[in-house]
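J.: the sequence and its predicted three-dimensional model are supplied below.
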Amino acid sequence: MKRISFVLALFIAAFGLAGCEPAANTTTNTANANANAAKPTAAAPTADALLAMDKKANEAWIKGDAKFFDDFLSDKFVEFTGGERIGKADIAKMISEVKCDVKTWSLDDPQMSRIDDNTYVISYKGTFDGSCTGPDGKSMKIPSPTRGASVYVRDGDKWKGVFHGENPILSADAAPPAADKKEEPKKEEPKKEEAKKADAPAANSNSSSNTAAAPAPAAADPNTEALTKLHAAGWEAFRNKDAKWFEANTSKDLAFVDPAGGWHSGQANVIKLWTADMKCEGVTKTSFTDGIATALSPTVEILTGKGSADGTCDGQKNGTLNTTAFYVKDGNAWKLAFMFESLSQPGM
């Protein structure tokens, strides 16, 4: 699954690109449980096993083997990069159209975190020496090193990818690019077109190049409003350095990939990062917008959207962050179990 975000970046360059409980269905759930009881199930994963799967996906990406991902990815796969929510069919199409020349690569230092018994995160460091050429014919050097993160879901006797993201790993003294860069004007026409698409929950900036066979945008599920409000409250808890709020609304297995390529795991460690370790000044307002939630299972939801804050943190100006968050049901409450944040693409 490695490098999917880089593939999306090429396409963006080429085309300008709290809990609310789901309605119960006892009859259906019982029938599904009986049907699944007779099917073999995949064994619990290990970090090395999931890393091996990502390595196979990386090899397929290098070869431009889009067919590999037909069975490798879940039909519920989500990628959220540059403000775009992308599905399985879009990813396969992009991989088939991007040509890469990779001399050397490695995926190392795997770190695994549990979302629930059927959903796990694998994160690792990727190093690459190579470049890729997008549909516009322009070549881009592959960012390196990067922090990759993939989420796998149990599907019968297999584990399938349901999310992938990656961030450049920035050194402690390296200033990241502007999170919400607006000084580069875009053509007025695309902006108007984007405004028309505002009501569509998952508008695809590559739609002009897609065929009629492209999948319809994912529809937000009934939990979208509740999870969006919950995540917005989390941003306020961050502003207020409210550790108790995070203790009540996150899972014990909480893990987080930050925009600078850092991996953080364990509820106490992540809460300490957000409420004590990060040195923030002048943060007076926060927001979380464009939320879209889709159900991975009755007890796991994927929420994507854009979070932002004013002021500065660790000496850097705050701005918009693209967010993918996995929430898990704990009794009647939804709790954050894994979050991946990345910087907005310039002009987004």
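T.: Noted; the coordinates are in hand. Residues are numbered from 1 along each chain as shown.
J.: low pLDDT regions in the stretch 201-348 of the chain?
T.: Along the stretch 201-348 of the chain, the parts satisfying pLDDT under 70 run over 201-219, 345-348.
J.: can you pull out the helices in it?
T.: Counting by DSSP state H, counting those that start in this stretch, the stretch 201-348 of the chain has helices at residues 224-240, 243-249, 267-272.
J.: the longest one packs against which elements?
T.: Using 3 or more Cβ pairs under 8 Å, 6 or more residues apart in numbering; DSSP states H and E as the contact criterion, the elements in contact with helix 224-240 are helix 243-249, strand 286-297, strand 300-309, strand 320-330, strand 333-343. (C-beta placed from N, C-alpha, C; glycine too.)
J.: pull out the buried positions in it.
T.: Within helix 224-240, the residues that count as buried by 16 or more other Cβ atoms under 10 Å are 224, 226-228, 230-235, 237-239.
J.: now render the residues you listed as a markdown table, adding distance to residue 249.
T.: Shown next, in a markdown table, are the buried residues of helix 224-240 (distance: Cβ to Cβ, whole Å):
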| residue | distance to residue 249 |
| --- | --- |
| 224 | 17 |
| 226 | 12 |
| 227 | 11 |
| 228 | 14 |
| 230 | 7 |
| 231 | 10 |
| 232 | 12 |
| 233 | 8 |
| 234 | 7 |
| 235 | 12 |
| 237 | 8 |
| 238 | 12 |
| 239 | 15 |
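J.: got TSV for the helices of the stretch 201-348 of the chain, with distance to residue 47 too?
T.: Listed next are the helices of the stretch 201-348 of the chain as TSV, based on distance: least, Cβ to Cβ, whole Å:
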stretch	distance to residue 47
helix 224-240	27
helix 243-249	25
helix 267-272	18
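J.: residue 306 is nearest to which of those helices?
T.: Residue 306 lies closest, by Cβ to Cβ, to one member of the helices of the stretch 201-348 of the chain: helix 224-240, at 10.5 Å.
J.: CA atoms only: put the closest one into CSV for me.
T.: Output in CSV follows, covering the C-alpha atoms of helix 224-240 (Å, rounded to 0.1, in the frame of the first residue of the first chain):
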residue,chain,number,x,y,z
THR,A,224,-21.2,11.5,10.6
GLU,A,225,-22.8,14.4,12.5
ALA,A,226,-22.1,12.9,15.9
LEU,A,227,-18.5,11.9,15.1
THR,A,228,-17.8,15.3,13.5
LYS,A,229,-19.0,17.1,16.7
LEU,A,230,-17.0,14.7,18.8
HIS,A,231,-13.8,15.3,16.8
ALA,A,232,-14.4,19.1,16.9
ALA,A,233,-14.7,18.8,20.7
GLY,A,234,-11.3,17.0,20.6
TRP,A,235,-9.7,20.1,19.0
GLU,A,236,-11.2,22.2,21.7
ALA,A,237,-9.8,19.9,24.3
PHE,A,238,-6.4,20.3,22.6
ARG,A,239,-6.8,24.1,22.8
ASN,A,240,-7.6,23.8,26.5
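J.: and the angle for that helix with strand 300-309?
T.: Using axes from the mean of the first three to the mean of the last three Cα atoms, to 10 degrees, the inter-axis angle of helix 224-240 relative to strand 300-309 is 40 degrees.
J.: so helix 224-240 versus strand 320-330, what angle?
T.: 110 degrees.
J.: from the chain's centroid, how far away is helix 224-240?
T.: Here the centre of helix 224-240 is set off from its chain's centre by 17 Å, with Cα atoms, centre = their mean, to the nearest Å.
J.: how about stretch 233-243?
T.: 21 Å.
J.: do the same with stretch 227-245
T.: On Cα atoms, centre = their mean, the centre of stretch 227-245 falls 19 Å from that of its chain.
J.: stretch 220-236 now?
T.: A distance of 16 Å separates the centroid of the chain from that of stretch 220-236, by Cα atoms, centre = their mean.
J.: please renumber the chain so that the first residue is 14 from this point on.
T.: With 14 as the first residue, the last one maps to stretch 233-249.
J.: got CSV for the helices and strands packed on helix 237-253, with mean neighbour count and distance to residue 118 too?
T.: CSV is the format used below for the helices and strands packed on helix 237-253 (neighbours: other Cβ atoms under 10 Å; distance: least, Cβ to Cβ, whole Å):
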stretch, mean neighbour count, distance to residue 118
helix 256-262, 16, 36
strand 299-310, 19, 29
strand 313-322, 23, 28
strand 333-343, 23, 24
strand 346-356, 23, 21
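J.: redo these as a markdown table? Include distance to residue 173.
T.: Shown next, in a markdown table, are the helices and strands packed on helix 237-253 (distance: least, Cβ to Cβ, whole Å):
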| stretch | distance to residue 173 |
| --- | --- |
| helix 256-262 | 28 |
| strand 299-310 | 11 |
| strand 313-322 | 14 |
| strand 333-343 | 15 |
| strand 346-356 | 17 |
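J.: closest one to residue 158 among the ones you listed?
T.: The nearest among those, by Cβ to Cβ, is strand 346-356 at 15.3 Å.
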